[in-house]
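**Q** next one to model:
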Amino acid sequence: MQCKYETRISAACPTDGLPDVYDAIFESGEMVRVEDILAAVKPFLERKAFQEEIAQELALKCRVTLIGAHSGVKTSVQAP
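**A** A predicted model of the protein is given here:
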């Protein structure tokens, strides 16, 4: 089984404090509860974090891809 879940994540950039918004894709060989995804992304609304840190922290049970832009540069990070 291949499961794929998509949502948006917002977090403040640690460098300039501006909000960054990422398209997040969660992929797993097993079911991941949507409620677990929502609980995992919620803390990033209230803290500053780099895209790479967010991807690493969210990739506990599945592969996570974050796609966004910072200062006009499109960025994509995948973990693990």
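**Q** list the contacts of the strand or helix carrying residue 5.
**A** Taking DSSP states H and E as the criterion, residue 5 maps to strand 3-12. Applying C-beta atoms under 8 Å, 6 or more residues apart in numbering, the contact partners of strand 3-12 are 18-32, 34, 37-38, 41, 44-45, 47-49, 54, 62, 66. Just so you know, the C-beta spots here come from the backbone N, C-alpha and C atoms, and that holds for glycine as well.
**Q** just those: which are in strands?
**A** Residues of the contacts of strand 3-12 located in strands (DSSP state E): 19, 20, 21, 22, 23, 24, 25, 26, 27, 28, 66.
**Q** look at the nearest residue to the fifth one once chain neighbours are set aside and report its pLDDT.
**A** Meaning residue 23. Spatial nearest neighbour of residue 23, excluding adjacent residues (C-beta to C-beta, 6 or more residues apart in numbering): residue 67 at 4.5 Å. Looking at residue 67, its pLDDT reads 97.
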